[in-house]
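**Q** Quick check, what structure comes out for this input:
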Amino acid sequence: MTDIETQLHAIVAQALEQTVNGLVITDMQADGQPIVHVNAGFERITGYPAHEVIGRNCRFLQGFDNEQPGVARMREAVQRGEACTAVVRNYRKDGSLFWNRVEIGPVRDAVSGELTHYFALQTDVTAEQEALALREHFLSNAAHELRSPLGTIRGYVELLQMRSTPTDPNQDLLTTVRRHADRLVALVDDMLELAELETTTDTRFGVQPVQLNTLLERLHDLLPPEDGLHRIVIESADPALWVQAHAQRLEQVLINLLSNALKYSPQGGEIRWSVRPGRERGWVRLSVSDPGIGMTADEQTRLFTRFFRARTDIPGTGLGLVIVRELVERMGGHITVRSQPGAGTTFTLHLRTVSP
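**A** Okay, the predicted model is just below:
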């Protein structure tokens, strides 16, 4: 190693020791994967001096609170030898709770490539998380309070529509009020579902092996009536193909994506569900493609942002795809999108394959 390289290594080491972030290094080849190094930032954040944590597993920071989604995500990443970022509840030496954003990554031997250590960078994000708790609580309460008056409005509109005749000049006005009331009800329902998903501590909500072909066959029974414009094609999957999922939630995802494909293909055409092997072993790709209006690259980057809608003239709440991504990720998968303006869109669910 040259003098310059030695000097750079010393600068990096000094920077890591002095940063406000916590640094933890664990030995992956020793029993229990013990901590072998922490920096001063870790001591400030947790209240634990180095000599009290060296030799212990990092899980002691969660105490009995070790069934969190973030903890499960990191555990799976370590099993695969991958990097991961998660926000988890940790506990300081004095017992007080703090929210910790943890970025973990593997360290491998430069020659053999063998996994030897893991490092974790810790950031105290308690203030951010408390603000997010407050926000979700407000949205959930607001949604619940809106449900009752919206139901009343929609009920009275339906009653007025029933009492009016087809030639009544107010019919168009009533239809417009009903349409907007329905949209608000859908928005409130989506807000409540998203709030429920984000506050639950159950990261898997009953995930189990699901036979993909059976689910796709059931999707046939849920298709909307033919409109003369669209042709929906659902390819069969190998009956031996099972995926890690929640049957009802995955069905919800498929219906949501199909609804989007129909709405964003106003000129009609073929909408196709297809099943293909994943690019990595142990995965499968389930895609829905439409010939619709498509999206720009900028729209695609904002697609999973709350309340974002690529086209405001097409009905929607701007929350459907946010819920879809949350559901898919809780099943251990992920979703990608490929689209071009005027050339249609393809959403792909990447799901883990499992044995029945």
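
**Q** Check which residues of stretch 66-75 are buried.
**A** Q68, P69, G70, V71, A72, R73, M74 (16 or more other C-beta atoms under 10 Å). C-beta coordinates here come from the backbone N, C-alpha and C atoms, glycine included.

**Q** for stretch 232-242, that is, sorry about that
**A** Neighbour count says stretch 232-242 has I232, I234, A237, L241, W242 buried, by 16+ other C-beta under 10 Å.

**Q** which one of the residues you listed sits closest to G41?
**A** W242 (44.6 Å; C-beta to C-beta).

**Q** quick one, what contacts the closest one?
**A** P209, V210, Q211, L212, T353, V354, S355, P356 (C-beta atoms under 8 Å, 6 or more residues apart in numbering).

**Q** looking at this structure, which helix or strand is least sure?
**A** One helix or strand of the chain scores below all others by mean pLDDT, DSSP states H and E: helix 3-18, with a mean of 66.

**Q** which other residues reach the lengthiest strand in the chain?
**A** Longest strand in the chain, counting residues (DSSP state E): strand 97-108. Residues from elsewhere that reach strand 97-108, judged by C-beta under 8 Å, 6+ apart: 25, 28, 45, 61, 70, 74, 77-78, 81-92, 114-126, 128-130.

**Q** From those, which land in strands?
**A** Short answer: the contacts of strand 97-108 in strands (DSSP E) are 25, 84-91, 115-124.

**Q** In stretch 250-261, which residues are buried?
**A** Here stretch 250-261 shows L250, E251, V253, L254, N256, L257, L258, N260, A261 as buried, counting by 16+ other C-beta under 10 Å.

**Q** for the first one, helix, strand, or coil?
**A** Put plainly, it is L250. helix (DSSP: H, G, I helix; E, B strand; the rest coil).

**Q** What's the per-residue pLDDT of it here?
**A** If you check L250, the pLDDT there is 89.

**Q** where does the chain dip in pLDDT?
**A** Applying pLDDT under 70 to the chain flags residues 1-16, 18, 132, 134-137, 139-140, 143, 190-206, 311-313, 315-317.

**Q** domain assignment for this protein?
**A** Using automatic domain parsing, the domain parsing of the chain gives 3-124, 129-199, 208-354.

**Q** starting at the chain centroid, how far to the second one?
**A** Taking C-alpha atoms, centre = their mean, to the nearest Å, the mean C-alpha location of domain 129-199 is offset from the chain mean by 25 Å.

**Q** show me the contacts for M331.
**A** So M331 contacts R204, V207, Q244, A245, H246, R249, L250, L351 (C-beta under 8 Å, 6+ apart).

**Q** what about burial for those residues, which qualify?
**A** V207, Q244, A245, H246, R249, L250, L351.

**Q** circling back: tell me the one among the buried residues of stretch 66-75 nearest to A142.
**A** P69 (24.9 Å).

**Q** how close does that closest one get to R179?
**A** 37 Å (C-beta to C-beta, to the nearest Å).

**Q** what's in contact with stretch 226-239?
**A** 211-213, 216-217, 219-220, 223, 258, 262, 265, 267-275.

**Q** Please save the CA atoms from it in CSV.
**A** C-alpha atoms of stretch 226-239 as CSV (Å, rounded to 0.1, in the frame of the first residue of the first chain):
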residue,chain,number,x,y,z
GLU,A,226,-67.1,-6.8,-22.3
ASP,A,227,-67.2,-3.2,-23.5
GLY,A,228,-66.6,-3.8,-27.2
LEU,A,229,-63.2,-2.0,-27.0
HIS,A,230,-60.9,-4.1,-24.9
ARG,A,231,-59.9,-7.7,-25.2
ILE,A,232,-58.5,-9.2,-22.0
VAL,A,233,-56.1,-12.1,-22.3
ILE,A,234,-55.0,-14.0,-19.3
GLU,A,235,-52.2,-16.6,-20.0
SER,A,236,-52.2,-19.8,-17.9
ALA,A,237,-49.4,-20.5,-15.5
ASP,A,238,-47.8,-23.9,-14.8
PRO,A,239,-50.0,-25.6,-12.2
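
**Q** Fine by me, thanks again.
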